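**Student:** got a sequence here, can you build the structure:
(one chain, ligands or ions: 2)
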Amino acid sequence: MNELSDPRVAQTFRFVRRDYADGVASLVYAFDDGPEMVERIVFPDAPAFAPERAAAFEAALDLLHLVAGVSYYKAGVPSEIRVESTQLDAATVAFLDALYLHGLGEFAYHNKLDLRGRIRFPVSRHSGESRSALQQPKAGHPAPLLDGRKLDPGFRRDDDLKEWLIQPPRTLVPIGGGKDSLVSVEILKRAGEDATAVWVGNSPLIAACAERTGLPMLNIRRELSPLLFEYNRQGAYNGHIPVTAINSAILAVAAVLYGYDAIAFSNERSASSATLEYDGQPVNHQWSKSWEFERTFHDLLHARVAAGLDYFSLLRPLSELAVAERFARTSHYDDAFSSCNRNFRILGPKPADRWCGQCPKCHFVFLALAPFMPKPRLLGIFGRNLLDDATLAPAFDALMEYRDHKPFECVGEGVESRAAMATLATRAEWREDALVARFADEILPLLDRAELDLDALIAPAGEHRIPGRLLRFVDAHR
Ligand SMILES: CC(=O)N[C@H]1[C@@H](OP(=O)(O)OP(=O)(O)OC[C@H]2O[C@@H](n3ccc(=O)[nH]c3=O)[C@H](O)[C@@H]2O)O[C@H](CO)[C@@H](O)[C@@H]1O[C@H](C)C(=O)N[C@@H](C)C(=O)N[C@@H](CCC(=O)O)C(=O)O
Ligand SMILES: Nc1ncnc2c1ncn2[C@@H]1O[C@H](COP(=O)(O)OP(=O)(O)OP(=O)(O)O)[C@@H](O)[C@H]1O
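**Tutor:** Numbering: from 1, shown residues only. Ligands and ions are numbered 1, 2, ... in the order given. Predicted structure coming up:
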C-alpha cells in the first residue's frame, strides 16, 4: 500500500456518510480529503423492517455512525470534527463530547495528549441551538434529562413506538464470553424473559458460551476498516477505546431491526470507579461500562430512537464480588467461559489456554471467585493456582492498590481485592498459599478491618435502570 498521509497532522475528522442495504451497515469516515475508511456491520438474515420503524432505524444508524467513529478519530485527533452525514442537536453533541473525552481518557493518558477542549462536535444550525446551549439548558422542556440538560421534544421518537413494541418484552442479552453476561443470562432465565443471546464479532469462545446458554442466538459481524490497521502500522495514535459504547450502538440498531425492545448489558457497579486520577481528571478504563454512560445513552435512545427501547445493565447494583458470588452458584459454564481479554483480539496471537494466567483480568477473576467456590473447582477452571505463585506479587498488589494503581483492565475496586484476600487468609484451604500468606503478614496489618466485610461488599447498592419485572431476580438469594 502507498504511504498514507499521517492522520496526526490532519486538520479535520469527517463523518462522511452511513448507508444500509441488505443487512449491511457501512460507516464511512475520512481525515481531511484522504481515503475513506469504511467499517461494515453485518446483520444476519436481516428482515425488511416495517415502515413504522423506519425513523427509529435511521436514528439508530446515525447514532452508531457517530459512536463507532471513535476508533478512527483516535488515529489523528484533529482539532476539527465535521459531521456531514446528519444533523446534531445540543443534547447529542453533549453526549458525544463526553463519550469521546472520557472514553478516550486512557488513550489520552498513554499518548500524553490533553483532549479537554479539543473534542467539540458541531451543533447543527437547523436545530436552532448552539454550543452555548450545552452550558445553558433551555427551560420548560419536559423531556428526559441528559447529563443535566433537557432534550428538545422536537427530536423525540415516541410517535411510532406503540406500533412496533412486542408484548411481552423481547430482550437482547449481549454475551462477552466472561462471567458477567452469563450471570445475566441466568437471571433472565429465572425471570422467564424472552431473551436472545447476541454477540458482536467472530470469537469462537463467545459463540460456545452463547450456545451453552440454550437461548436463541444472534451473531452480528463487525469489519473494521483495513485502513485503520494501515494507519496503525505507519505510526498513527493508538490506544484504548470505549468498545462497550460501540457494542451498545450496534445493538440498538439490531433491536430496531429485529424487533426487540430491551437490551440488557452486564456492567457492574464497580465499573464506574476510575482507574486513576491524572491532572485532576478521573481516567476510567471501563468508562463506557459506567453508570454515567448507561444513563446518558439510555436517555438519548429514548429521546432520539424510540421512547420504549430500553437499555440498562442488569448487574448495575452489584459489585464485581457480588457478580462472582452469583457466577459461582452454577458450574454450568465452567468449561466454556473466559474473562481473559487476550482471547478477544481481532489481530494478534490468542492464548493457548482460555486463561492466559498472566493478565490482570485472569488474576482478578481468580481472586474474586476464590471466596465463593471450592478450591478444586477453581483450580480446575484455571488449570493452576495463581495465588501460590510468588512472582505474581506485584500484579496482585496493583489489584489491591497497594503501592500501585489499579491496572488498566476490567477489574474490581481495590477494596474488593483486599476483602477477597482477607477472606482467603481466614480459610484453611488458602491461607498457606504464597500470596495469601504474604498478604496476611505484610498488608493486612495496615488495613482498616471495617472495610473488609465481604457481606457488605456483595450487598446490592446504588442507582440502576433495571425494569421492575426483573429486579427481584437480580436481588434473589440462592
Ligand atoms: C482484545 C483487546 O483487549 N484488545 C485491545 C488491544 O488491542 P490489540 O491491538 O491487542 O488487538 P485487537 O483487539 O485485535 O485490535 C487491533 C487494533 O484495532 C483497533 N480497534 C479494535 C477494536 C475497536 O473497536 N476499535 C479499534 O480501534 C485498535 O487500534 C487495535 O490496536 O489494545 C488496544 C489498544 O489499547 C485496545 O483498544 C483493544 O481493545 C479492544 C477494542 C477491545 O475490544 N477491548 C475490550 C476487551 C475491553 O477493553 N473492554 C473493556 C471495556 C471498555 C469500555 O469502556 O467499554 C473492559 O472489559 O474493561
Ligand atoms: N463481543 C461482544 N458482543 C456483545 N457484547 C459484548 C461483547 N463483549 C463484551 N460484551 C458485553 O459488554 C459488557 C462488558 O463486557 P465484560 O467483558 O465486562 O463482560 P463479560 O465478558 O460478560 O464478563 P467478564 O467481566 O468476566 O469478562 C457485557 O455486558 C458483555 O456482555
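
**Student:** I figured Leu64 hits Ile41, correct?
**Tutor:** Yes - the criterion here is C-beta atoms under 8 Å, and Leu64 meets it with Ile41 at 7.3 Å. For glycine as for every other residue, the C-beta is placed from the backbone atoms N, C-alpha and C.

**Student:** quick one: common contacting residues for the two?
**Tutor:** Residues touching both Leu64 and Ile41 by C-beta atoms under 8 Å, 6 or more residues apart in numbering: Ala25, Leu27, Ile250, Val253.

**Student:** any idea of the mean pLDDT for stretch 344-360?
**Tutor:** Mean per-residue pLDDT for stretch 344-360: 83.

**Student:** apologies, that question was intended for stretch 403-410.
**Tutor:** For stretch 403-410, mean pLDDT is 83.

**Student:** with just CA atoms, put it into PDB.
**Tutor:** This file holds the C-alpha atoms of stretch 403-410, laid out as PDB (Å, rounded to 0.1, in the frame of the first residue of the first chain):
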ATOM      1  CA  ARG A 403       2.000   0.600  46.300                       C
ATOM      2  CA  ASP A 404       0.500   0.900  42.800                       C
ATOM      3  CA  HIS A 405      -2.700   2.000  40.900                       C
ATOM      4  CA  LYS A 406      -5.300  -0.500  39.600                       C
ATOM      5  CA  PRO A 407      -4.300  -1.900  36.200                       C
ATOM      6  CA  PHE A 408      -5.900  -0.600  33.000                       C
ATOM      7  CA  GLU A 409      -8.300  -3.500  32.800                       C
ATOM      8  CA  CYS A 410     -11.800  -4.600  33.700                       C
END
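
**Student:** what about it and ligand 2, touching?
**Tutor:** Yes - applying C-beta under 6 Å from any ligand atom, one finds stretch 403-410 in contact with ligand 2 at Cys410.

**Student:** other residues contacting that stretch?
**Tutor:** For stretch 403-410, contacts defined as C-beta under 8 Å, 6+ apart pick out 106, 240, 271, 275-276, 285-286, 289, 339, 341, 359-361, 364, 394-395, 397-399, 413-414.

**Student:** can you pull the buried residues of it?
**Tutor:** Lys406, Pro407, Phe408, Glu409, Cys410 (16 or more other C-beta atoms under 10 Å).

**Student:** and which of these is nearest to Arg82?
**Tutor:** Of all the buried residues of stretch 403-410, Phe408 has the smallest distance to Arg82: 30.9 Å, by C-beta to C-beta.

**Student:** about what we covered before: which of the buried residues of stretch 403-410 come close to ligand 1?
**Tutor:** Within the buried residues of stretch 403-410, those near ligand 1 by C-beta under 6 Å from any ligand atom are Cys410.

**Student:** just name the closest of the buried residues of stretch 403-410 to Asp334, please.
**Tutor:** Proximity of the buried residues of stretch 403-410 to Asp334 (C-beta to C-beta) peaks at Cys410, which lies at 20.0 Å.

**Student:** pretty sure that closest one is in a helix, no?
**Tutor:** No - Cys410 is assigned coil when assessed by DSSP: H, G, I helix; E, B strand; the rest coil, not a helix.

**Student:** any idea how far Gly69 is from it?
**Tutor:** Separation of Cys410 from Gly69 (C-beta to C-beta, to the nearest Å): 23 Å.

**Student:** report the buried residues of the longest strand seen in the chain.
**Tutor:** Criterion DSSP state E: the longest strand present in the chain is strand 12-21. For strand 12-21, the neighbour count (16+ other C-beta under 10 Å) marks Phe13, Arg14, Phe15, Val16, Arg18, Tyr20 as buried.

**Student:** before we move on, what about stretch 452-466?
**Tutor:** Quick answer for stretch 452-466 (16+ other C-beta under 10 Å): Leu452, Leu454, Leu457, Ile458, Pro460, His464, Ile466.

**Student:** same question for stretch 468-478.
**Tutor:** Leu470, Leu471, Phe473, Val474.

**Student:** over to stretch 250-262?
**Tutor:** So stretch 250-262, judged by 16+ other C-beta under 10 Å, has buried residues Ile250, Leu251, Ala252, Val253, Ala254, Ala255, Val256, Leu257, Tyr258, Tyr260, Asp261, Ala262.

**Student:** do it and ligand 1 meet at all?
**Tutor:** No - using C-beta under 6 Å from any ligand atom, stretch 250-262 stays clear of ligand 1, coming no nearer than 10.3 Å.

**Student:** what of stretch 270-283?
**Tutor:** No - Stretch 270-283 does not reach ligand 1 (C-beta under 6 Å from any ligand atom); its nearest approach is 7.3 Å.

**Student:** which residues in the stretch 51-200 of the chain form helices?
**Tutor:** Counting by DSSP state H, counting those that start in this stretch, the stretch 51-200 of the chain has helices at residues 54-68, 70-73, 90-103, 105-111, 132-135, 161-164, 179-190.

**Student:** for the record, mean pLDDT for the longest one?
**Tutor:** Right, helix 54-68. In the prediction, helix 54-68 has an average pLDDT of 97.

**Student:** name the helices or strands packed onto that helix?
**Tutor:** Of the remaining helices and strands, those touching helix 54-68 by 3 or more C-beta pairs under 8 Å, 6 or more residues apart in numbering; DSSP states H and E are strand 12-21, strand 24-31, helix 90-103, helix 243-258.

**Student:** can you list the ones you listed in JSON lines and add mean pLDDT?
**Tutor:** Output for these, formatted as JSON lines (pLDDT from 0 to 100):
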{"stretch": "strand 12-21", "mean pLDDT": "98"}
{"stretch": "strand 24-31", "mean pLDDT": "98"}
{"stretch": "helix 90-103", "mean pLDDT": "96"}
{"stretch": "helix 243-258", "mean pLDDT": "97"}
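
**Student:** of those, which is nearest ligand 2?
**Tutor:** helix 243-258 (4.6 Å; C-beta to the nearest ligand atom).

**Student:** what about Ser313, how many residues nearby?
**Tutor:** 27 (other C-beta atoms under 10 Å).

**Student:** thought it was touching Ile263?
**Tutor:** No - contact between Ser313 and Ile263 fails when scored by C-beta under 8 Å: they sit 9.6 Å apart.

**Student:** nearest to Glu52 among the shared contacts of Leu64 and Ile41?
**Tutor:** Taking these together and measuring to Glu52 by C-beta to C-beta, the closest member is Val253, at 16.4 Å.

**Student:** leaving out the residues flanking it, which one is nearest to the closest one?
**Tutor:** Ala60 (4.5 Å; C-beta to C-beta, 6 or more residues apart in numbering).

**Student:** try Asn238
**Tutor:** Using C-beta to C-beta, 6+ apart, the closest residue to Asn238 is Asn232 (5.2 Å).
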